[in-house]
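In: Below: sequence and its predicted model.
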Amino acid sequence: MLKAATIKSNEVLSRRLGRQLGQALMQELGQAPKACWLFTAPSSGIADLLQGLGESLSGSSLVGCSSDGEISEAGLSSNSVVLGGLATDRIDFEVVTTHGLGQDSEGAGRRLAEAFSKSPNYIQIFSDGLTGNGCAILKGLTAVLGEHIPIAGGTAGDNGKFLKTLQFAGDQVYTDALCGIAFYGDFRLGTGVRSGWSPIGLAKRVTRSRGNVLYELNGEPALNVYERFLGRHAEKLPVIGVEYPLGLVEPCGEAGQEEYHLIRATMAVNREERSITFAGEVTEGALVHLTCGDVSSILEAAGQAAGLAKAALNGAAPSLAFCYSCMARKIVLGRRTEEEIKRVRSEIGTSVPIIGFYTYGEYCRISTGGPNYFHNETITLSLLGMK
């Protein structure tokens with residue numbers, strides 16, 4: 001048995017609201033959930049909300065984070081709270097947390113992996129979107145667990161303010177933390193990842209980089225390359241970079257039957273060094289493309305990601321959908337952001353409960369059985385079903 005439900009509210013966060021949401025979720029499920037996910041805009045009332053949820057959902061594992069927009073069956077909402085729950089006799093859950101993400105992200109990933117009581121079948125993680133290094137977190141996790149365990153989730157947001165993000169585990173609120181929930185049991189998992197960004201021009205080699213700072217492409221200063229490409233719009237960097245992210249062909253290689261680009265969003269430029277800082281690591285020696293996209297291609301990619309996730313269930317009916325999409329997509333889509341979620345639901349079925357949020361970065365594997373990656377400007381879907 002696997003039954004899921006989600007609840008959304010736009011009320012002011014409080015202990016009372018937490019109790020009400022917990023009770024409403026149990027009523028929808030017909031029993032107490034084994035695990036819950038909570039996504040909400042940053043607010044001073046989150047601690048009270050979690051306390052109320054803990055009182056009404058005692059014994060349930062809860063994890064989540066602050067966001068840049070919340071996703072539920074109602075579609076996209078802002079300054080809201082979304083609570084999802086899963087009741088099942090086939091899956092067990094374990095929530096663990098580690099701190100000091102900004103000081104040592106790879107070490108935090110290792111500590112989180114070592115904190116699980118046994119090897120999970122699947123993990124979702126939620127990390128600080130401002131202090132952590134998503135690539136390093138995955139490196140630490142896979143060093144302990146191996147690359148075969150699928151990992152999904154997202155980095156916490158704060159409504160685009162870029163000041164402070166929050167992570168939740170149980171009834172506790174953290175920052176600069178990494179929270180994870182392990183799935184143990186007998187279930188099917190389907191994942192799908194697509195961005196909608198297409199390569200422009202010839203591929204270039206990263207000839208000098210350090211972490212997420214790109215210095216040279218084909219031996220030329222990276223900022224020079226971008227300025228020549230953008231022309232008069234180059235003065236708008238890094239903001240305009242959201243429309244022209246960098247696409248890494250390697251180390252991803254092929255995903256399915258088409259070339260997949262691991263997308264990196266521009267975060268800052270250094271005009272003296274002629275370098276560009278991205279929201280994820282850019283590996284020295286990697287082959288990359290400048291990319292572009294439009295509203296139509298981004299929306300089409302959302303449907304493609306959902307279709308891939310559904311196909312990966314191998315005929316099993318989806319019981320719950322987790323949708324983690326990048327806030328940069330929301331910026332480009334603007335008033336049409338709601339359509340992204342509609343595209344997803346039209347693929348997986350409008351009766352399937354869905355929960356998620358708009359992130360500052362996404363975690364997911366590109367293909368079934370493949371390694372896990374940290375993404376920017378990408379939509380990721382994880383569907384749960386029964387064997």
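Out: All right, it came through fine. Residues are numbered from 1 along each chain as shown.

In: which residues are contacting the biggest helix by length in the chain?
Out: In terms of residue count, the longest helix belonging to the chain (DSSP state H) is helix 295-311. With contacts defined as C-beta atoms under 8 Å, 6 or more residues apart in numbering, helix 295-311 is touched by 190-198, 256, 318, 321, 325, 329, 332-333, 336, 339-341, 343-348, 379-383. Where you see a C-beta, it was placed from the backbone N, CA and C, and this is true even at glycine.

In: Tell me which residues of the helix or strand where residue 178 lies come out buried.
Out: Here residue 178 sits within strand 177-185, counting by DSSP states H and E. Buried residues in strand 177-185, counting neighbours by 16 or more other C-beta atoms under 10 Å, are found at 177, 178, 179, 180, 181, 182, 183, 184, 185.

In: Including distance to residue 2, could the residues you listed go into JSON lines?
Out: Output for the buried residues of strand 177-185, formatted as JSON lines (distance: C-beta to C-beta, whole Å):
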{"residue": "177", "distance to residue 2": "29"}
{"residue": "178", "distance to residue 2": "27"}
{"residue": "179", "distance to residue 2": "23"}
{"residue": "180", "distance to residue 2": "21"}
{"residue": "181", "distance to residue 2": "16"}
{"residue": "182", "distance to residue 2": "17"}
{"residue": "183", "distance to residue 2": "11"}
{"residue": "184", "distance to residue 2": "14"}
{"residue": "185", "distance to residue 2": "10"}
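
In: List the ones among the contacts of helix 295-311 that fall in strands.
Out: Members of the contacts of helix 295-311 lying in strands (criterion: DSSP state E): 190-194, 198, 318, 321, 325, 379-383.

In: Flag the least confident of these.
Out: Checked by pLDDT, these have residue 198 as the lowest-scoring entry (90).

In: To what extent is it buried, counted in neighbours?
Out: Around residue 198 sit 13 other residues, with neighbours defined as other C-beta atoms under 10 Å.

In: cool, the one 4 residues further on as well?
Out: The number of residues packed near residue 202 is 8, by other C-beta under 10 Å.

In: what separates it from residue 287, distance-wise?
Out: From residue 202 over to residue 287 the distance is 10 Å, taken as C-beta to C-beta, to the nearest Å.

In: now do residue 30
Out: Relative to residue 287, and taking C-beta to C-beta, residue 30 is found at 52 Å.

In: my guess is residue 74 meets residue 8, correct?
Out: Yes - Residue 74 is in contact with residue 8 according to C-beta atoms under 8 Å; the separation is 5.1 Å.

In: Spatially, what comes nearest to residue 284 if we skip its sequence neighbours?
Out: residue 209 (4.6 Å; C-beta to C-beta, 6 or more residues apart in numbering).

In: Quick one: residues contacting the one you found.
Out: Counted by C-beta under 8 Å, 6+ apart, residue 209 has contacts 215, 216, 282, 283, 284.

In: How about residue 68?
Out: 157, 158, 159, 160, 327, 330, 357, 358, 359, 360.

In: same thing but at 6 Å, please
Out: Counting by C-beta atoms under 6 Å, 6 or more residues apart in numbering, residue 68 makes contact with 157, 159, 160, 327, 358.

In: Same check on residue 214?
Out: 222, 276, 282.
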